[in-house]
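Undergrad: A structural model of the following input is requested.
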Amino acid sequence: MRSEAWEREQELVDVFNAGWIKAKALKSKWIDPKALERKQAWIDTIVRFEATHAVTLIWNPEDGRLGLQQVHIDARQVHCRIDRALMGRSFNLLSVSERSGYVGFTEHPETNTHAHLAWRVPVEHHARFEDVLKDWWDRLHPYGEATVEVIYDAAGWASYISKDQWRLPHSEDAALFLASNTADR
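TA: Sure thing, here's the model as predicted:
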């Protein structure tokens with residue numbers, strides 16, 4: 001019979017080994033260089049977006065399953081509600097540069113669905129953005145959770161939210177990529 005201490009030690013060994021294997025793979029070119037170029041392209045794109053806030057949306061659906069289509073619908077819905085709350089009833093008549101926008105990726109769509117987003121918010125709305133986003137997310141998904149932080153290291157956040165893109169075939173990027181209709185300014 002194994003002790004709890006032994007099992008904890010084995011978990012730490014497994015975590016260390018997984019990190020070591022990934023580091024070795026990166027150094028030894030086990031990974032297709034084009035995959036790493038694609039990841040860097042995502043990072044560059046997200047940095048050029050000039051986001052102001054790092055947002056993580058967590059669904060925690062009651063039945064445990066959530067499709068990618070629903071993720072896209074919910075992200076668009078919360079975006080519209082945030083812009084209306086911050087900018088007023090005629091938010092959709094404002095220019096793209098006057099509205100908020102987001103880009104990011106969905107992670108683990110089959111298990112604990114969540115999305116990491118780089119959200120650009122006009123300066124005059126920074127003070128209210130976090131409260132408005134959390135309020136609307138709670139209304140849409142009472143079992144979900146939303147976190148918001150000001151971005152101080154755009155390249156670091158971009159690298160984090162695109163962390164799984166180096167492993168995916170190019171065809172899967174589009175399904176996991178999230179972007180508001182105001183992302184292109």
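Undergrad: quick one, strands of this protein?
TA: 53-58, 101-107, 114-120, 145-150, 177-179 (DSSP state E).
Undergrad: where in the chain is pLDDT low?
TA: Applying pLDDT under 70 to the chain picks out residues 1-3, 5-33, 62-65, 166-174, 184-185.
Undergrad: so which residues of it form helices?
TA: In the chain, the helices defined using DSSP state H lie at 4-27, 33-48, 68-87, 126-140, 154-161, 170-176.
Undergrad: pretty sure residue 106 is touching residue 74, no?
TA: No: Residue 106 is not in contact with residue 74 according to Cβ atoms under 8 Å; the separation is 10.4 Å. All C-beta spots, glycine's among them, are computed from the backbone N, C-alpha and C.
Undergrad: what would the strands of the chain look like in TSV with distance to residue 68 and mean neighbour count?
TA: Below are these laid out as TSV (distance: least, Cβ to Cβ, whole Å; neighbours: other Cβ atoms under 10 Å):
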stretch	distance to residue 68	mean neighbour count
strand 53-58	13	21
strand 101-107	6	23
strand 114-120	10	23
strand 145-150	19	15
strand 177-179	10	19
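Undergrad: CSV for the ones you listed, including distance to residue 79?
TA: Formatted as CSV, the strands of the chain follow (distance: least, Cβ to Cβ, whole Å):
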stretch, distance to residue 79
strand 53-58, 10
strand 101-107, 6
strand 114-120, 9
strand 145-150, 13
strand 177-179, 10
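Undergrad: contacting residues for residue 58?
TA: 112-114, 144-146 (Cβ atoms under 8 Å, 6 or more residues apart in numbering).
Undergrad: list just the nearest of these to residue 102.
TA: residue 146 (12.3 Å; Cβ to Cβ).
Undergrad: not counting sequence-adjacent ones, nearest residue to the closest one?
TA: Excluding the flanking residues, the one nearest residue 146 by Cβ to Cβ, 6 or more residues apart in numbering is residue 137, at 4.0 Å.
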